[in-house]
Each structure stands twice: as structure tokens, then as C-alpha cells.
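# mind folding the following:
(chains A and B)
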Protein chains: 2
Amino acid sequence: MKPVFVNTMPRYEILSADAISVLDRGWRRIVSEIGVQFAKPEAVELFAKAGQRVDGEVVYLDPEFVLEQVAKAPREFDVQARNPANNVHIGGNHMVFSSVYGCPFIREGDVRRDATMNDFRQLCMLSQAFEQLDSAGGVICEPNDTPLDSRHLDMIYALQTLTDKFYMGNVISGPNAVDTIAMSSILFGGREAIERTPATISLINCNSPLRWDDRMLDAQFEYNRANQPVVLTPFLLMGAMSPVSIPAALVQQLAEALAGIALAQLVRPGCPVIFGSFLSNIDMQSGSPAFGTPESAIGLLCTGQLARHYGLPFRTGGALNTSQTADAQSAYEALMTLLPTFLTGTNFVMHAAGWLEGGLVSCYEKFIIDIELLRMMQVEFTPLEITEESLAFGAHEEVGHGGHFLGAAHTMERFRDCFYRPLLSSTANFERWLKLGGKDAAARAGDIWRAKLADFEAPPMDEAIRAELEDYVIRRRAELGD
Amino acid sequence: MKPVFVNTMPRYEILSADAISVLDRGWRRIVSEIGVQFAKPEAVELFAKAGQRVDGEVVYLDPEFVLEQVAKAPREFDVQARNPANNVHIGGNHMVFSSVYGCPFIREGDVRRDATMNDFRQLCMLSQAFEQLDSAGGVICEPNDTPLDSRHLDMIYALQTLTDKFYMGNVISGPNAVDTIAMSSILFGGREAIERTPATISLINCNSPLRWDDRMLDAQFEYNRANQPVVLTPFLLMGAMSPVSIPAALVQQLAEALAGIALAQLVRPGCPVIFGSFLSNIDMQSGSPAFGTPESAIGLLCTGQLARHYGLPFRTGGALNTSQTADAQSAYEALMTLLPTFLTGTNFVMHAAGWLEGGLVSCYEKFIIDIELLRMMQVEFTPLEITEESLAFGAHEEVGHGGHFLGAAHTMERFRDCFYRPLLSSTANFERWLKLGGKDAAARAGDIWRAKLADFEAPPMDEAIRAELEDYVIRRRAELGD
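Numbers count the residues shown, from 1 in each chain, chains lettered A, B, ... in the order given. Predicted coordinates for the structure are as follows:
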């Protein structure tokens, strides 16, 4: 049984109490003076009934009311997986990781092409195979060779059968959310079972600035009613969806996320939510999104501190980058995001493996690079035990001056597990590296994912449940006309 | 005038007071019970005269005596450069960066070969050209096409003429140190001028475990006498030069470095020193050194905290890695080292640009990758200003709900410098990237360093001084028989 990673290292906090006050006043002013738009009449009605001023779709929120609603959300909660050993806890020091999400394209070595359902299945298998991932996520890639209306059924079925980890719910529409909940009810023994302990997490993005759209809100309502956690995520690329200022983006992020969380609590008081953050900036020269930037790292650190300030489990970070291939840039930008993710102790990390090209591409090789990064981070963020015994004084007595410790008793007793053992990184000397084919990290990553797929064994599953899920998919696909 | 980078962000500290006590007791026990070997009779005599017990070359040190000597070292000091705008301050929140050091090989794109004097000069030029580097360092690569006995003269001359930044002294032998000091005296107007404000920093490595070698000590004595700072650096690859335990390595590092610093203070009380750290581990599977490991990152964070505890400016970190090419591994391992380097606020960072293949290779492309990392780190570790004005409330009033900020007045006023502008990273969309040649980060880095060299202009120099330096080199080369 693999325990979820618990980060008990110190948090790296960079906001002063004064800075937090300024930011706190900022979101209050936005929600009360500019208001937040909700493109769903039921949402607006809920706010109106709760005494908030509304004007068309725009709701002007009393900040104290928002905080009262936010206080109803649980600080921590569990999410169950088909295999109970893969259950996760969201919140506190726990860090939960899922694969890349939402990519229309695939990169496999030098080839970039449309993603297919076969890619989706393969990425499910890889997500299942690596214990660093607690979930394959949801839309690991867009299976473009399947019909648009019903592909969510194929994706959920693949996530449910090829992995025994928790998965993310479909959010394209209310009906898609209903299908996710129905299929999860089949898998976990009824709706009551998943309302008691949620089985999915779903990503609800804000149409930033300050607008929550109808289809996502439809999905949110279904998940809130079913007590399935939603990640309410402002989608902020500074310069496009927010001002070109990190403090301004942080304030906007608070306004949007807290307003969305307040709505969730009006739909079902006490339902689980995650404070979401997707915060980076536009490259003002190219006009394209940029990831792994210094600004995004700073924003990430601040986001964690703010989420803790408001007592909410939070999502941010990942292995983000804008690179076109699994090269040096893809790696340093990914780590520019992942290391702050660990420094701030993010509770739910989406896009933790496979993300390339600003999220347009799911890349197999990058997936392996990111798994290596996650493995290293989990060791780096494990507290050091410093005891008298750890000082190994006896080894010094044995070795003396100018000798070496390779054959010392202390070394021989510990050499197997004293240090991190890489999955991908090579320490081979040049001659040996050449002899092994002279492969760079991306080429070696290609060997690793292919071998991992070749060895894949699907987790065992109750055949009756599998058949019931399959029946559901067939019936619904027919209803949807595909 | 380029200011040295001052890191006023919080330090990320992971050692508890209890842990520091355990480590403090650890080094005291090593220096007093196992002792430290000094392979230079004058060194042993100095310790004996100062009342320490000696047995052959081994000195058994009273920890309180060590700390009394350490307390004589300045906590902070200045190092002057030929161009006063490039003077640096060592200590406090200041971070000073120099290029890779000591590599016998060069990688240039797909070619790996012996380094030459031409490479040395080119790497001087690149170090001069990028303001992220405060120094080209010393042996940026080994100029293997020049005679061994006199190549230090060529290297110092190149550093003095092709850069106007401070440089590192040669440490191969006492006479080489004398040459460094003599040539620096010419450049800076006499020995008295460099004794008043040092003009070089020199790297003195320990032959770990617990042995300081004769030739390095000879060089150290010369530099100490001339008041030139030395970086007293335990060279610890856990598993070979120290036990396979981070706490044990930290304790050994303290024992070795503090003993070396005590010696420097016996040679010349008050002379400037830097607490050095070069701490990583052996890959216990390949037997090769490993860099950019989780263990090295943890060691790095602890080292900074310990150096501050003992009130010493310190050196650690860099852009270390074991990769064979400028690929994803080279980048993530480099950042695995550089990010903790900034988190702990290292005062002097060697190997900050160009390091590849465990330090065997100076790589031009990696040099550019590392410059990009340094540029990003310097932005990331600049405190955020959070004021009412930074919240850009007016931009929200202008844009409203669901709009965009691309053309907002707040954006238009700031778009030129609101975000980090990359040197190397590409945010181009796929089609544009293909049109630009479909080059990965390493290939683009190749274009950048070539263009930078093509544009190089040597910093202006007093012709009489240049001639005097040249005469010195010619005379000494003849004396050395080359």
C-alpha cells in the first residue's frame, strides 16, 4: 500500500502580514464593487435569496457573507479510489498528484499528432503504473478519434477500468457530470456511497476575469449536489485574463475562487471544495502563454500561503512549461513550477506529469521526466533525521584521514537504499554512456514508457461491475446518437 | 553599473535548533578525537605553537580554539575588480556568481573534445558578456594545448584582459599562487593595493576525509599572507569521501572547513575566508558521482544554515548535473541545485554556468541554459511589492467581466517590463516554432553563444599595464622552461 505523500517540511512563505492585509482588502473591494458574473440564473437566484445584491448576471457580494460561506467548506476531506489502498486525503500536509489534463495533441518522440483514444488508454496505464501519481486525472488527452458527444463515457470507463485510483469528473456540461456521477455510483455501490465519501474531483474553471460560465456551472451544480469535490479555479494568464501585476492577479484569484466556493456552499452547505489556482503570464513579446516563469513561481508560493490563510485545501502547480519538445526548457520550466509546488505544500497538483507546449500536448517522454522530478521532490521534501547515530562516527574511526568510505562497514550496511535511485537520470561515464547508445534523457524516457506499457497489467476488477459500466456506456452512447 | 544580486527574500531553513546542536557536537568530536591531517610542516607547527596537540601530520584540535580562530575571520568583505563597477561584496545577503571551474573537456553541440586555450578565451568572453556572472571564475576549462607548467600564466592573463570582473587565483602550487598575486599586483597598482582590498578569490579543496594536502596548502599560505580570500572547501561525495549519511557529511564538512579556516587565521589573523561546500553523493549503482540529487539539495540548504550559525560567508551550489548533453536531465539537475542555492542565499556560487557531465565538461550550450536559469532566479528572488496601487483596481473597472486585459491602459503602460523576458526559452506556438527551424533549447543556445561571441568587445584596458602583464607572462614562461 502506497501512502499519499505527506509534506512535513517547513512551508516557504514570502507574504508578510501587511501584504496579506492589502490582498485581503483587494478581493473584498472587487467582489463588492465590481461584482462577479454567474451565467446561470439558478446561481444568481441562490445569491439573491441569500441577500446579495444582483444586477442581471452580476452578483455584488458582501465579503463577510462570502467568508461565512467559505467557512462551511471542510478544511480536509477524503476521496475514495476503487482500490482502497489508493484512497487519498485532500488538505493539511497531504499532497495528491494527477496527470496532465486537457491536451488535444500528443508528442511521442519526434512526432506530434492528434491525440487518440488509444493514447488516452496508454496514459491511463502509465498513470496507474507509477505510484508517484495518485490519479490519472481526467482528460489526460482529448481522444479526437471518438465522437465529441459521447467521448466522456469512453474516458470515464477507461479511467475506471485501467486504473484503480480516483479520477476526475467530466465538466463539459451538466449531463456529462450526471454521467460521471452515475458511473461512479455503479463503481462504488450506489450514489449514497459516493455522497458519503466522494470518489471524484472535478475541475471548474472560471472564465476570468470575474465570470463563471453556464456549462461549467451546470456541471458544478451536479457535483456539489452529489457532494463530489470541485476545484474552483480562476484561469489567470496575467496580461490576458488579469492585470500585469502579481498582486492584482492574486486579488482577482481570491475574488473569483472565494465567490465560486461561496456558490458551492449555497448549493450544498458543507460540500467539499478546493481553492484552485492556475496562474501564469503572457509572454508580452509573443503574445503566447508562458509557464514556468519567475512570476508564476512567485504567484504559486503566495497562493499556498493565501489558501492556508483562508483555511482551504488548494490546488496549484504542476510540471508546466511552454517548450515544444522534451528538452532542457521543458525540464527547467517544469521544475520551476514543481519545486515551489512542494515549497508551498500544494494539496492537489494537477498536470503533475506529461504536460508540454503550454498544455496543448500530452508528451510520453515528458511524462517520464516528470515522474523523475516527482520522485526526487518526494525525497527532497522528507525531513532529515539528525541523531547521534546518523553522524556515523565509527565510519570516521574506521577510515581515518585521506581514505575512502566505499568499503566501510557503515557504507556496506546501507548502500542499497542510502541515496535516491534515479528512474531516468544517468550518471554513466561518457564511454559507458556512448556504449549504451549515447541517448539523451528524452530518448531514455522513450525506452522507459514503452517498457512500462509492455509490462502493464490492468488492476483486477469485479466482472459484474465492469459489465454494468459497459452497459451504461453503450446505452448512453446510443441515447446521445453516437 | 550592474549591482551584485542581493537576495532579500526569506531563507528556507530546515534544521531545528536541536539538529544544529547534534551537528555542533559532531564536528567537535571529530576534530578533537580523530583530528585533521595537514600535509605541510609549517601548518602543523602553527597549530602546535598555538597549543594544539599534534601527532605527525595530524592535529587534534580543541573546538573552542577553532571557534576563537574562526571568530577572527571577517563576516563580510569586498573584492575589487578591474572595473570598479564590477566590485563585489561577499557575505550578508549578497550573492556572487562565477562560471564553471576545472573541466578538461569541452562540449560544443554534438562534439565533445579536449578543451583548448581558445575555449578558455571564449568562455572568458561569454562570462564577461553576461551580467548574471560576477566573475569568469578561474580554470573555466583546462587549456590542454598549452604547457602544463605555465598555463596558469596564460589563464590569468586571459582573465585579466578579456574580462574586467574579479577572477580566481591559481591553486596548483605555491609558486602558481605567487604568480597570481604578482600579476594581480601589476593590474591593481601594487601588492599593497590588493592587500587592502582583495582582487582574487581562490579555491582550496580538502582531500576529504580530514586531510589538507601540501600543494593546496602552499597556495593557501600565499593567499592568506597576501590577504586574498580562500574558499576552504571540503570535497564530499557521500559514499566515497564521507559516510553515506547527510548528517555525517555535514559534520565532516564542518570539521574540515572550520579546521582549514582556523589555519588561515593562524597564518594571518583576520584574513578573509569563505566556508566552502561541495557536497553530493555517489550513485551507489554506477559508482559515479551524482549531482543535482535530492541529497545534495538537502545538504545545500543545511550548509547555508550552518554557515550562518557560525557567522561565515559561504560557498555552495551552482548549476551542477551529471548529464552527458545539454538535455532535460542537465537542466533539471542544474535547477535542483540552483533553486536551493537561492533559497539558502549562498554568498559565492561557483560553477554557476557551463557545468556538464559531473564537471568534466565545460559546455557552451549549457552555459546559456544556466544564464537563463540565473536570470529567472534573480527575478524570482526579488521581493514582491504589494501596495494598494499594485492591485490595479482601475484595470478591473475598465475590463469588467469576461473581457481581457491585453489592451487595458494598465497593461499598455507596463507591457515592456512587467514580466521576465527570456533569453533562451521559447513561447512560440508550434507552427511558428517550426518556421523558426524547430530548434530545441540546446540548439537555440548554440545560436545565442555564437552571436554573443561575434558581438564581443574586450573591455578597455590601460595599454601600459597590459604590456607589463604580458612581459611578466613571457619572462615567467621562460623561467619555467616552456
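# tell me where the longest helix sits in chain A.
The single longest helix within chain A, with elements called by DSSP state H, is helix A:246-267.
# what is whatever helix or strand comes next after that one packed up against?
Using DSSP states H and E, the helix or strand that follows helix A:246-267 towards the C-terminus is strand A:273-276. Where contact means 3 or more Cβ pairs under 8 Å, 6 or more residues apart in numbering or on different chains; DSSP states H and E, strand A:273-276 is packed against strand A:200-205, strand A:230-233, helix A:246-267, strand A:314-315. Where C-beta positions appear, they are placed from N, C-alpha and C, glycine not excepted.
# 7 Å - rerun?
strand A:230-233, helix A:246-267, strand A:314-315 (3 or more Cβ pairs under 7 Å, 6 or more residues apart in numbering or on different chains; DSSP states H and E).
# now the last one: average pLDDT?
This predicted structure assigns strand A:314-315 an average pLDDT of 98.
# contact partners of it?
A:231, A:233, A:274-277, A:303-304, A:307, A:346-348, A:350 (Cβ atoms under 7 Å, 6 or more residues apart in numbering or on different chains).
# pick the one among the residues you listed closest to B:Pro243.
A:Thr346 (34.1 Å; Cβ to Cβ).
# pretty sure the closest one sits against A:Gly317.
Yes - assessed by Cβ atoms under 7 Å, A:Thr346 is found in contact with A:Gly317 at 4.8 Å.
# model confidence score at the nearest residue in space to A:Thr197 that is not next to it in sequence, please.
In this structure, A:Thr197 finds its nearest non-sequential neighbour in A:Gln80, 4.6 Å apart by Cβ to Cβ, 6 or more residues apart in numbering or on different chains. Looking at A:Gln80, its pLDDT reads 98.
# what sits against A:Gln80?
Counting by Cβ under 7 Å, 6+ apart, A:Gln80 has contacts A:87, A:166, A:188, A:197, A:199.
# emit the PyMOL select command for whichever of the residues you listed are buried.
The PyMOL selection below is limited to those of those classed as buried (16 or more other Cβ atoms under 10 Å in any protein chain shown):
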select buried, chain A and resi 87+166+188+199
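# for the contacts of strand A:314-315, which one is nearest B:Val54?
A:Gly304 (53.7 Å).
# on contacts alone, who are the packing partners of the helix or strand harbouring the closest one?
Assigned by DSSP H and E, A:Gly304 belongs to helix A:294-309. Here helix A:294-309 touches helix A:246-267, strand A:278-282, strand A:314-315, helix A:328-343, helix B:364-380, going by 3+ Cβ pairs under 7 Å, 6+ apart.
# alpha carbons of it, as CSV, please.
Only the C-alpha atoms of helix A:294-309 are listed here, as CSV (Å, rounded to 0.1, in the frame of the first residue of the first chain):
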residue,chain,number,x,y,z
PRO,A,294,9.5,33.5,-12.2
GLU,A,295,6.2,35.3,-11.9
SER,A,296,4.3,32.0,-11.9
ALA,A,297,6.6,30.6,-9.2
ILE,A,298,6.1,33.7,-7.0
GLY,A,299,2.3,33.5,-7.6
LEU,A,300,2.4,29.9,-6.6
LEU,A,301,4.1,30.5,-3.3
CYS,A,302,1.7,33.3,-2.5
THR,A,303,-1.3,31.2,-3.5
GLY,A,304,-0.4,28.5,-1.0
GLN,A,305,0.0,31.0,1.8
LEU,A,306,-3.3,32.7,1.0
ALA,A,307,-5.2,29.4,0.8
ARG,A,308,-3.9,28.5,4.3
HIS,A,309,-4.9,32.0,5.5
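# quick one: that helix to helix B:328-343, angle?
60 degrees (axes from the mean of the first three to the mean of the last three Cα atoms, to 10 degrees).
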